[in-house]
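J.: how would this look folded up:
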Amino acid sequence: MKPTEITKSPPAHEGEMTSSLPETINFLNEHLGVERSFDIIYRTIHTGGREACVYFIDGFCKDDIMNRLIFDLMQINPENMPDNPHEMTKRVISYVEVDLKNKWADIITQFMSGVSALFIDGYDQCIMIDSRTYPARNVTEPDKDKAMRGSRDGFVETLIFNTALIRRRIRNTDLTMELFQAGESSKTDIVVCYMKGRVNEKFLAQLKDRISNIKVDALTMGQESLAECLFRKKWLNPYPKFRFTERPDTAAAQILEGHIILLVDNSPNILITPISVFDVLEEADDFYFPPITGTYLRFARLIIAVLTYIVTPLYLLLTQNIGWIPDNFQFIMLKDESNIPLIWQFLILELALDGLRLAAVNTPTMLGTPLSIMAALVLGEFSVKSGWFNSEVMLYMAFVAIASYTQASYEFGYAIKFMRIITLVLTAIFGIFGFIAGILILIASIAFNRTLDGSSYLYPLIPFNGKKLSYRIFRRRLPGSLD
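T.: Got it, this is the predicted structure:
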């Protein structure tokens with residue numbers, strides 16, 4: 001889903017608040033819709049001989065903290081009452097995260113984010129008390145980004161939890177997290193995280209400028225909406241411009257390598273940029289095993305990725321040219337008569353695989369196993385017996401379906417799928433020339449792709465950097481390891 005474009009900007013709450021509490025209450029009750037929304041609550045109290053009012057959103061504030069603050073305010077004597085809000089925050093408000101705001105736009109934005117607002121008659125500034133708490137799940141290991149070894153925590157939908165998971169791993173003052181907001185209605189919080197001194201400063205400035213100038217009504221789909229806003233060009237090239245991960249250890253490693261990560265509130269997926277094809281092919285397990293094992297895993301993943309692309313178009317090409325098949329490999333030929341052309345069998349199964357994947361996502365957990373068995377029996381064995389598909393076609397497509405899950409990136413897996421379909425169609429129409437043309441399209445789509453900062457998608461292969469390329473291909477020992 002694309003981010004909603006702004007057609008007409010809603011009127012902003014401009015101006016500054018006054019020191020009159022009745023005017024403040026009337027203004028807020030009208031603009032916040034207190035009578036319409038049951039969860040927006042305000043309470044008037046008497047403190048130090050003055051009237052005060054606290055606004056908060058039910059479900060965001062911590063009850064015990066608010067009860068303590070209100071109790072402390074009600075205990076102030078008139079002779080001890082501070083004359084200005086600055087003294088009030090220093091001498092009375094016994095809480096860590098306190099700020100002063102006097103512009104209505106800032107007050108309302110923070111209040112709708114869950115910050116409690118304290119207004120005191122005679123004060124021309126609002127005391128913002130950040131005692132909010134969000135409903136959140138545990139930081140358990142994500143279902144998609146699993147690793148055989150390593151940490152078992154993962155990002156969640158709460159932004160402050162995610163930044164803490166990164167801070168826990170990088171205890172360095174150069175680690176910088178800058179907060180931005182995007183979306184006229186949603187006011188979605190976005191954090192740009194990087195290591196000062198290691199990041200590309202020019203690209204960082206461009207990225208922050210793009211985020212600051214996003215003109216949308218809301219980032220409805222979280223990180224995907226942000227990605228589409230940052231890359232406004234046509235997305236004709238299917239290869240991903242960002243790397244997504246839910247693993248804090250992966251994010252921390254990318255930051256230390258000089259990448260920039262973007263955290264979006266309400267989304268457990270973080271964006272890593274800029275990335276090359278070598279970044280997409282890496283996984284956490286490459287570094288949780290010894291160098292020789294990590295190198296083997298990288299090569300295995302790369303070889304399987306190549307096979308998932310080429311195995312079905314190559315088989316289709318060989319069936320069109322039986323004379324090219326060596327005698328020792330004659331067993332790969334079709335044993336039964338083909339009722340449907342092979343190209344249509346492959347295309348139907350490509351669509352069927354996505355159908356099964358979508359069905360698995362929407363299937364209740366308790367029904368997942370029996371329905372999977374039923375699908376394997378009905379769509380596998382009986383589809384062959386009925387003559388719809390040949391067993392050889394089912395075998396190769398089953399390999400493609402299973403092997404595609406070796407890639408951690410969904411986007412990269414679908415890019416290979418699209419290239420495979422194009423090569424299948426070209427091979428069916430033009431034979432060997434179509435097969436070669438499909439491979440050239442694959443190579444061109446990678447070679448002419450550009451990262452978000454405009455550099456080559458194949459770096460450090462193009463432009464060539466031998467030392468960095470060796471680190472990308474081979475899993476080396478960590479710098480500083482003892483010999």
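J.: Tell me, how many residues neighbour the nearest residue to residue 476 once chain neighbours are set aside?
T.: Closest residue in space to residue 476, ignoring its immediate chain neighbours: residue 291 at 6.1 Å, by Cβ to Cβ, 6 or more residues apart in numbering. No exception for glycine: its C-beta is placed from N, CA and C like everyone else's. Around residue 291 there are 15 other residues, counting by other Cβ atoms under 10 Å.
J.: Point out where the stretch 301-450 of the chain drops to low pLDDT.
T.: For the stretch 301-450 of the chain, the stretches with pLDDT under 70 are 365-380, 382.
J.: For beta bridges, what are the partners of residue 178?
T.: Beta-bridge pairing for residue 178 (DSSP bridges): residue 192.
J.: Does it touch residue 189 like I think?
T.: No. Residue 178 is not in contact with residue 189 according to Cβ atoms under 8 Å; the separation is 11.2 Å.
J.: check contacts around the residue nearest to the spatial centre of the chain.
T.: The chain has residue 269 as the residue nearest its centroid, 2.9 Å off, counting by Cα atoms, centre = their mean. Residue 269 sits next to 155, 222-223, 244-246 when contact means Cβ atoms under 8 Å, 6 or more residues apart in numbering.
J.: change it to 10 Å
T.: By Cβ atoms under 10 Å, 6 or more residues apart in numbering, residue 269 lies in contact with 142, 144-145, 155, 157, 222-224, 242, 244-246, 262-263.
J.: wait, residue 300 sits on residue 406?
T.: Yes. Counting by Cβ atoms under 10 Å, residue 300 does reach residue 406; the two are 7.9 Å apart.
J.: if we can go back for a sec, take the contacts of residue 269 and write them to JSON lines, including pLDDT, secondary structure and distance to residue 383.
T.: Putting the contacts of residue 269 into JSON lines (pLDDT from 0 to 100; DSSP: H, G, I helix; E, B strand; the rest coil; distance: Cβ to Cβ, whole Å) gives the following:
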{"residue": "142", "pLDDT": "85", "secondary structure": "coil", "distance to residue 383": "34"}
{"residue": "144", "pLDDT": "78", "secondary structure": "coil", "distance to residue 383": "29"}
{"residue": "145", "pLDDT": "80", "secondary structure": "coil", "distance to residue 383": "33"}
{"residue": "155", "pLDDT": "94", "secondary structure": "coil", "distance to residue 383": "40"}
{"residue": "157", "pLDDT": "90", "secondary structure": "coil", "distance to residue 383": "41"}
{"residue": "222", "pLDDT": "83", "secondary structure": "coil", "distance to residue 383": "38"}
{"residue": "223", "pLDDT": "86", "secondary structure": "helix", "distance to residue 383": "38"}
{"residue": "224", "pLDDT": "86", "secondary structure": "helix", "distance to residue 383": "35"}
{"residue": "242", "pLDDT": "92", "secondary structure": "coil", "distance to residue 383": "38"}
{"residue": "244", "pLDDT": "93", "secondary structure": "strand", "distance to residue 383": "34"}
{"residue": "245", "pLDDT": "93", "secondary structure": "strand", "distance to residue 383": "37"}
{"residue": "246", "pLDDT": "93", "secondary structure": "coil", "distance to residue 383": "36"}
{"residue": "262", "pLDDT": "96", "secondary structure": "strand", "distance to residue 383": "44"}
{"residue": "263", "pLDDT": "96", "secondary structure": "strand", "distance to residue 383": "45"}
